[in-house]
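[1] Pasting the sequence and the predicted model now:
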Amino acid sequence: RSCGASPPLRRFDRAWPPAMQVHAEQLAAHLAKGLRTLYTVWGDEPLLAQEALDALRAAARTAGCGERQVHTVSGARFDWSSLLGATRELSLFSDKQLIEIRIPSGKPGKEGSDALQAYCNSLAGRQDDEVVTLVSLPRLDRSQQTSAWFSALDRAGVTIRIDPVDRKALPQWIAQRLSR
């Protein structure tokens, strides 16, 4: 019973495998191979980000994740301990659960940075994958992309960067969308 086909990950350290980055247009093919335990979706285009998150939620439901917890980080008063506790809790209604972490500002703060790194460690130390985690972020600047918390997310799971459609590619993108 697992939410994905990925092998158990080791403790978060330099020996980890390199980060896995998937383009939004490659997400369906990636999900066809199996669901990983952690996905970080970030970028400039809200529609495409929402579609990627919807695809990930649907894949998690198909894989048996019947319970969903949503944690929205809004300001410095967010209770990061509830997030860390979520990975240790057993679901009341399902064997598997989906945990969403939404950080609309893209800035978790010092306590949030430490908590996200600890969260990645806790996911890596699990021997099962009964928890699938989705982290959604807005566009991040260079300092945020190189921060310890984002690097931990990047190394611990799959990162999906959502870029705006280039103006030159827009007609082709619209035609492709209409052909669906």
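    Arrived safely.
[2] and Asp44, what is it in contact with?
    Pro138, Arg139, Ile162, Asp163, Pro164 (CB atoms under 8 Å, 6 or more residues apart in numbering). Where C-beta positions appear, they are placed from N, C-alpha and C, glycine not excepted.
[3] pretty sure the fourth one contacts Gly43?
    Spelled out, that is Asp163. Yes. If you go by CB atoms under 8 Å, Asp163 and Gly43 touch, sitting 5.8 Å apart.
[4] So between the two, which is more surrounded?
    Neighbours per residue (other CB atoms under 10 Å) separate Asp163 from Gly43, with Gly43 holding more: 19 against 12.
[5] I'd like the contacts of Asp44 laid out as JSON lines, including pLDDT and secondary structure.
    Listed next are the contacts of Asp44 as JSON lines, based on pLDDT from 0 to 100; DSSP: H, G, I helix; E, B strand; the rest coil:
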{"residue": "Pro138", "pLDDT": "95", "secondary structure": "coil"}
{"residue": "Arg139", "pLDDT": "94", "secondary structure": "coil"}
{"residue": "Ile162", "pLDDT": "93", "secondary structure": "strand"}
{"residue": "Asp163", "pLDDT": "89", "secondary structure": "coil"}
{"residue": "Pro164", "pLDDT": "88", "secondary structure": "coil"}
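[6] For those residues, which single residue is the most surrounded?
    Neighbour counts for these peak at Ile162, which has 23 neighbours (criterion: other CB under 10 Å).
[7] show me the contacts for it.
    By CB under 8 Å, 6+ apart, Ile162 lies in contact with Ala24, Val41, Trp42, Gly43, Asp44, Glu45, Leu48, Ala49, Ala52.
[8] Can you tell me the number of residues neighbouring Asp114?
    The number of residues packed near Asp114 is 14, by other CB under 10 Å.
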